[in-house]
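Colleague: Pasting a predicted model and its sequence here:
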Amino acid sequence: MATGFHLKCMWPRVLDEFYKSYDSEKDRVWICEHHDRMVAFLLLMHRENNAAQLGYFLIEPRYRGIGLGKKLMQLYMEFLRACRYQSPYLWTTHELEAAASLYKRFGFKLTEEKESTAFGKRLREQRYGFAQKLEFLRSYGTK
């Protein structure tokens with residue numbers, strides 16, 4: 001999860017891209033609220049070649065560790081299956097170890113890593129996905 005000023009600058013651009021390419025059959029946003037306040041957010045954006053990007057998976061710190069992330073990932077995976085996406089993927093950073101652990105429990109594997117300063121500091125951006133189509137299809141319903 002990106003934090004601070006850089007995240008605030010990214011949101012309008014990301015949501016604008018999502019809005020302009022939104023397809024109700026292919027895209028989803030899951031928003032969790034508590035006492036009329038957004039506490040978690042997960043976005044699935046369709047991409048070329050039947051790919052789906054998990055994007056902007058955010059959970060407020062005080063709502064972590066209660067199963068909310070697992071539930072959102074289950075919803076994400078169910079929607080992937082229903083839409084028959086073949087290549088799900090996501091980008092994160094090496095600092096988000098708990099998030100990476102969750103992605104791995106749902107079958108994602110680290111497929112790419114690169115040095116970056118995109119978030120205002122040096123870090124490693126990491127891409128997670130499924131190495132093979134068959135591996136992804138077998139993973140449905142196993143977690």
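Modeller: Arrived safely.

Colleague: Can you pull up the most central residue in this protein?
Modeller: Leu54 (3.0 Å; CA atoms, centre = their mean).

Colleague: how about that one, secondary structure?
Modeller: Look at Leu54: counting by DSSP: H, G, I helix; E, B strand; the rest coil, its state is strand.

Colleague: now it: how far from Val29?
Modeller: Leu54 is 12 Å from Val29, where distance means CB to CB, to the nearest Å. For every residue, glycine as well, the C-beta is placed using N, CA and C.

Colleague: The longest strand along the chain pairs with which strands, and in what direction?
Modeller: For the chain, the longest strand by residue count, based on DSSP state E, is strand 37-47. Strand 37-47 has the following strand partners under DSSP bridges: strand 28-34 (antiparallel), strand 51-59 (antiparallel).

Colleague: so what sits against both of Leu54 and Val29?
Modeller: Residues touching both Leu54 and Val29 by CB atoms under 8 Å, 6 or more residues apart in numbering: 42-44.

Colleague: In a markdown table, list those along with pLDDT, distance to Met77 and neighbour count.
Modeller: Formatted as a markdown table, the shared contacts of Leu54 and Val29 follow (pLDDT from 0 to 100; distance: CB to CB, whole Å; neighbours: other CB atoms under 10 Å):
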| residue | pLDDT | distance to Met77 | neighbour count |
| --- | --- | --- | --- |
| Leu42 | 93 | 11 | 22 |
| Leu43 | 92 | 15 | 19 |
| Leu44 | 94 | 10 | 24 |
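
Colleague: I'm done for today, thanks for sticking with me.
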